[in-house]
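A.B. asks: Give me the fold of what follows.
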Amino acid sequence: MTDMLASQDIPASDRVMADRRSRKAALGSFVGAIVDWYDFLLYGITAAIVFNSQFFPNVSPTAGTLAAFATFGVGFLFRPLGGVVFGHYGDHLGRKRMLVITVGMMGLSTALIGLLPTYDSIGWYAPLALVALRALQGFAVGGEWGGAALMAVESAPEGRKAFYSSGVQVGYGVGLVLATGIVSILSHTLDNDAFMSWGWRIPFVFSIVLVAIALWIRTSMEESQEFVQKVGTHGEHKVKAPVVAALRKHPEGFLLIIALRMAEMFTMYIVTTFALAYSTKNLGMSRDLFLNISLLVGAVSCFTIPAFAWLADRFGRKRVYVTGAVIGLLFSVPFFLAMEARSVVWIVVFSVMLANIAHDMVVSVQQPLFTAFFGTEYRYSGAGVGYQVASVVCGGFTPFIATALLGVDGTWHAVAAYLAGGCLVSVIVSMRMKMKAS
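C.D. replies: As a prediction, the model looks like this:
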């Protein structure tokens with residue numbers, strides 16, 4: 001009888017410890033994701049309303065906006081490089097170490113942007129320095145998603161991997177709320193001259209506070225037990241070139257990630273970045289409208305993403321993903337019709353449909369879905385690099401491409417077709433592939 005009780009106590013104890021590790025890994029991934037996305041998205045918001053005039057003043061307003069969005073895209077170009085470097089060492093040395101480095105690097109580059117002199121002070125050195133710091137941001141965030149997703153997924157209980165790893169994407173929403181909220185508050189409390197000259201710098205410097213909190217939490221996390229068991233604490237069973245191994249053994253995984261991220265990236269960046277510039281410069285609407293919409297969708301996503309992740313764990317990832325991609329396809333044109341009509345109510349409704357329903361349903365399943373494409377020994381490299389390459393192909397230049405398409409005939413039709421086309425690709429690919437239920 002005593003032996004029986006003892007044998008029951010050990011599994012119970014193991015379950016408690018495993019649950020504690022799961023929660024701590026989920027929290028660490030969530031908090032770090034907030035910092036990285038706050039920093040990364042803050043740049044996009046500011047690029048739409050400040051950088052065109054402060055760093056590219058000697059060109060036309062349209063060319064200045066294109067230049068500002070081009071620097072926004074530079075960050076995405078360096079994300080695959082960050083995925084390769086951090087993925088390599090993450091597959092060799094562990095997920096935790098890389099996550100500490102990425103969040104520190106991200107915070108430093110963001111704070112330096114807030115201290116950067118403008119074109120009027122140092123001429124063309126200003127936009128060059130801006131591009132360099134944006135590249136460093138991209139390099140850091142390139143290593144973030146893979147490590148954060150893996151820490152959460154590999155530590156999560158079976159059957160709840162989507163829910164436990166959803167914090168990686170909820171961090172995006174919280175980061176968006178923080179970035180947009182601070183910019184919006186400053187935009188309301190400062191006059192335009194003060195905001196454009198120095199007020200925009202405050203959110204960038206504030207990043208230091210968020211980084212300190214994230215570093216404190218991440219240093220207390222335990223390494224992924226799946227990594228420890230299959231690779232070792234010091235990579236004793238490591239693959240020499242993990243990204244090459246991932247490409248050789250699962251080349252289709254990279255293509256699938258690109259196709260499956262189109263619906264996600266197109267919906268979010270057109271609503272939160274392109275539409276901000278388009279509505280203010282082409283439609284004469286207040287910049288506060290889409291700043292407030294970004295606040296709304298970011299806040300709502302804190303509830304919708306985990307809710308959709310819970311549904312995915314219960315009813316299957318494919319159902320949730322396909323539904324979200326179809327909604328993105330259906331509401332592409334109505335979103336632009338609402339903007340052309342300058343109907344604030346319908347703009348808000350369709351923004352929520354694209355950014356909170358379509359987008360959030362799609363991203364709620366990405367962590368367990370994408371990481372399952374690759375083996376543990378090269379998963380950080382495979383999933384991380386695939387995710388970041390998709391960011392370049394599908395997301396980084398979405399505002400730039402949308403602005404360029406707008407200039408083709410001066411109407412929104414080509415931009416709406418671009419958005420709908422991306423969602424259609426995601427729908428077709430997701431319907432043809434098999435996805436695990438949990």
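A.B. asks: Residues contacting stretch 356-365, please?
C.D. replies: Counting contacts by Cβ atoms under 8 Å, 6 or more residues apart in numbering, the residues outside stretch 356-365 that touch it are 162, 166, 169, 172, 260, 263-264, 267-268, 297, 300-301, 304-306, 308-309, 311-312, 317, 320-321, 323-325, 327-328, 331, 423, 426, 435. No exception for glycine: its C-beta is placed from N, CA and C like everyone else's.
A.B. asks: How about stretch 334-350?
C.D. replies: 271, 275, 278-279, 283, 285, 289, 293, 296, 331, 351, 353-354, 412-413, 415-416, 419.
A.B. asks: Convert the C-alpha atoms of it to PDB, please.
C.D. replies: What follows is stretch 334-350, C-alpha atoms only, in PDB (Å, rounded to 0.1, in the frame of the first residue of the first chain):
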ATOM      1  CA  PRO A 334     -15.700  46.300 -47.800                       C
ATOM      2  CA  PHE A 335     -12.800  47.700 -45.700                       C
ATOM      3  CA  PHE A 336     -11.700  50.100 -48.500                       C
ATOM      4  CA  LEU A 337     -15.300  51.000 -49.400                       C
ATOM      5  CA  ALA A 338     -15.800  52.100 -45.800                       C
ATOM      6  CA  MET A 339     -12.700  54.300 -46.000                       C
ATOM      7  CA  GLU A 340     -13.700  55.900 -49.200                       C
ATOM      8  CA  ALA A 341     -17.100  56.600 -47.700                       C
ATOM      9  CA  ARG A 342     -15.300  58.000 -44.600                       C
ATOM     10  CA  SER A 343     -17.800  56.100 -42.500                       C
ATOM     11  CA  VAL A 344     -16.100  55.900 -39.100                       C
ATOM     12  CA  VAL A 345     -18.500  53.200 -37.800                       C
ATOM     13  CA  TRP A 346     -18.000  50.900 -40.700                       C
ATOM     14  CA  ILE A 347     -14.200  51.500 -40.800                       C
ATOM     15  CA  VAL A 348     -14.100  50.400 -37.200                       C
ATOM     16  CA  VAL A 349     -16.300  47.300 -37.900                       C
ATOM     17  CA  PHE A 350     -14.300  46.100 -40.900                       C
END
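A.B. asks: Can you flag the buried ones in the contacts of stretch 334-350?
C.D. replies: The neighbour count (16 or more other Cβ atoms under 10 Å) marks 271, 275, 278-279, 285, 289, 293, 296, 331, 351, 353-354, 412, 415-416, 419 as buried among those.
A.B. asks: picking that back up, of the contacts of stretch 356-365, just the buried ones, ChimeraX syntax please.
C.D. replies: Applying 16+ other Cβ under 10 Å to these leaves a buried subset, and the ChimeraX line that selects it is:
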select :162,166,169,172,260,263,264,267,268,297,300,301,304,305,306,308,309,311,312,317,320,321,323,324,325,327,328,331,423,426,435
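A.B. asks: Which of the contacts of stretch 356-365 fall within helices?
C.D. replies: Assigned to helices by DSSP state H, the following of these qualify: 162, 169, 172, 260, 263-264, 267-268, 297, 300-301, 304-306, 308-309, 311-312, 317, 320-321, 323-325, 327-328, 423, 426.
A.B. asks: what's near enough to touch the closest residue in space to residue 259 that isn't next to it in sequence?
C.D. replies: What sits nearest to residue 259 in space, not counting adjacent residues and going by Cβ to Cβ, 6 or more residues apart in numbering, is residue 429, at 4.1 Å. Counting by Cβ under 8 Å, 6+ apart, residue 429 makes contact with 256, 259-260.
A.B. asks: one step back: and which of the buried ones among the contacts of stretch 334-350 is nearest residue 79?
C.D. replies: residue 271 (20.7 Å; Cβ to Cβ).
A.B. asks: Please verify my assumption that the closest one contacts residue 353.
C.D. replies: No - checked against Cβ atoms under 8 Å, the pair residue 271 and residue 353 is beyond contact range at 9.7 Å.
A.B. asks: Now the element after the helix or strand of the chain at the bottom of the mean pLDDT ranking, going C-ward?
C.D. replies: Lowest by mean pLDDT, DSSP states H and E among the helices and strands of the chain is helix 225-230, with a mean of 67. Later in the chain than helix 225-230, the nearest helix or strand by DSSP states H and E is helix 242-249.
A.B. asks: Alpha carbons only: can I get that next one in PDB?
C.D. replies: C-alpha atoms of helix 242-249 as PDB (Å, rounded to 0.1, in the frame of the first residue of the first chain):
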ATOM      1  CA  PRO A 242      20.600  23.100 -38.200                       C
ATOM      2  CA  VAL A 243      19.200  25.400 -40.800                       C
ATOM      3  CA  VAL A 244      20.700  23.300 -43.600                       C
ATOM      4  CA  ALA A 245      19.300  20.200 -42.000                       C
ATOM      5  CA  ALA A 246      15.900  21.800 -41.800                       C
ATOM      6  CA  LEU A 247      16.100  22.800 -45.500                       C
ATOM      7  CA  ARG A 248      17.200  19.400 -46.600                       C
ATOM      8  CA  LYS A 249      14.700  17.300 -44.600                       C
END
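A.B. asks: which secondary structure elements does it contact?
C.D. replies: Other elements packing on helix 242-249 under the criterion 3 or more Cβ pairs under 8 Å, 6 or more residues apart in numbering; DSSP states H and E are helix 79-93, helix 251-269, helix 379-390.
A.B. asks: between the first one and helix 242-249, how big is the angle?
C.D. replies: Spelled out, it's helix 79-93. Going by axes from the mean of the first three to the mean of the last three Cα atoms, to 10 degrees, helix 79-93 is angled at 100 degrees with respect to helix 242-249.
A.B. asks: so how far is residue 183 from residue 177?
C.D. replies: Counting by Cβ to Cβ, to the nearest Å, the separation of residue 177 from residue 183 is 11 Å.
A.B. asks: Residue ranges in the chain under the pLDDT threshold?
C.D. replies: 1-16, 18, 48, 57-69, 72, 224-239, 396, 435-438 (pLDDT under 70).
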